[in-house]
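Student: the following comprises the amino acid sequence and a computationally predicted model.
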Amino acid sequence: MLNNRVVSQDEWIAGRTELLAKEKELNRLRDQLSAARRALPWVKVEKHYVFDGLAGQETLADLFDGRSQLIVKHFMFGPDWDQGCVGCSFGSDHLDGFPLVHLEHHDVTFVSVSRAPLPKIEAFKRRMGWRFKWVSSFRSDFNYDFHVSFTPEQIASGKAYYNYAMRDIQSDEMSGMSVFYKMTPATSSTPIRSTPGPANCFLPPTHISTSRRKAATKPSMAT
């Protein structure tokens, strides 16, 4: 139980007004930071990536599904794991369904990518009742190139490049998000990505590693 002071209405209004000014300043700073993020340079994706999906093999460009923007969720699910990461699963619970509809109406496609083989992904997806698209990069360097999966040698050394710096790594998989933009044929014809991230077909977006937490190599998952 919090022991907050009990004050008059006038004193509360004065305190709330002071806090409101700080909140507005925070919003202005957030707007500036967002503008700076949007102004970051992009990186062209020139490597050919192929993923395993329900419809067969798909390239990075295919994952856009006719839209100009692609968000890739690097879902922690290694080839030898029995199930997906708890944290990634929690986030997916809140994204599946209507949020995806709104993204698609704004010319954005969302796809999850994991190194687990497709049959494992599909079994876990059915168990969780999810409907979003989820493909496997099991036969691709995609996760390694975007610094969310790590080799046995990197794990043995205890350090790897993650979230834009060399960090202590104790898991072969980490979470992250990458955003890509596909330029139109009139503009160009190659995938592009923004700072350390993936891209798919002409103009690159940004790779954003959203999680800095250490994860167990084979996390448990509650049903």
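Tutor: Thanks, I have it.
Student: how about the helices in the protein?
Tutor: Secondary structure of the chain (DSSP state H): helices located at 9-38, 86-93, 98-105, 118-128, 142-145, 152-157.
Student: and the fourth one, which residues are buried?
Tutor: Buried residues in helix 118-128, counted by 16 or more other C-beta atoms under 10 Å: 118, 120-121, 124-125. For the C-beta atoms, the positions are set from N, CA and C on the backbone; glycine is no exception.
Student: could you do the shortest one as well?
Tutor: For helix 142-145, the buried set under the neighbour-count rule, 16+ other C-beta under 10 Å, comprises 142-143, 145.
Student: picking that back up, distance to residue 63 and mean pLDDT added to the helices of the chain, as TSV?
Tutor: Shown next, in TSV, are the helices of the chain (distance: least, C-beta to C-beta, whole Å; pLDDT from 0 to 100):
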stretch	distance to residue 63	mean pLDDT
helix 9-38	22	96
helix 86-93	17	94
helix 98-105	13	88
helix 118-128	14	96
helix 142-145	11	95
helix 152-157	26	93
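Student: mean neighbour count, these: which tops it?
Tutor: Of all the helices of the chain, helix 142-145 carries the top mean neighbour count, a mean of 20, counting by mean count of other C-beta atoms under 10 Å.
Student: helices or strands up against that helix?
Tutor: Taking 3 or more C-beta pairs under 8 Å, 6 or more residues apart in numbering; DSSP states H and E as contact, the helices and strands that helix 142-145 lies on are strand 108-114.
Student: again, 7 Å this time
Tutor: For helix 142-145, not one helix or strand is in contact under the criterion 3 or more C-beta pairs under 7 Å, 6 or more residues apart in numbering; DSSP states H and E.
Student: just the CA coordinates for it, please, in PDB.
Tutor: Output of helix 142-145 as PDB, limited to C-alpha atoms (Å, rounded to 0.1, in the frame of the first residue of the first chain):
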ATOM      1  CA  PHE A 142      19.700 -14.700 -42.300                       C
ATOM      2  CA  ASN A 143      19.700 -14.800 -38.400                       C
ATOM      3  CA  TYR A 144      23.500 -14.900 -38.200                       C
ATOM      4  CA  ASP A 145      23.900 -11.900 -40.600                       C
END
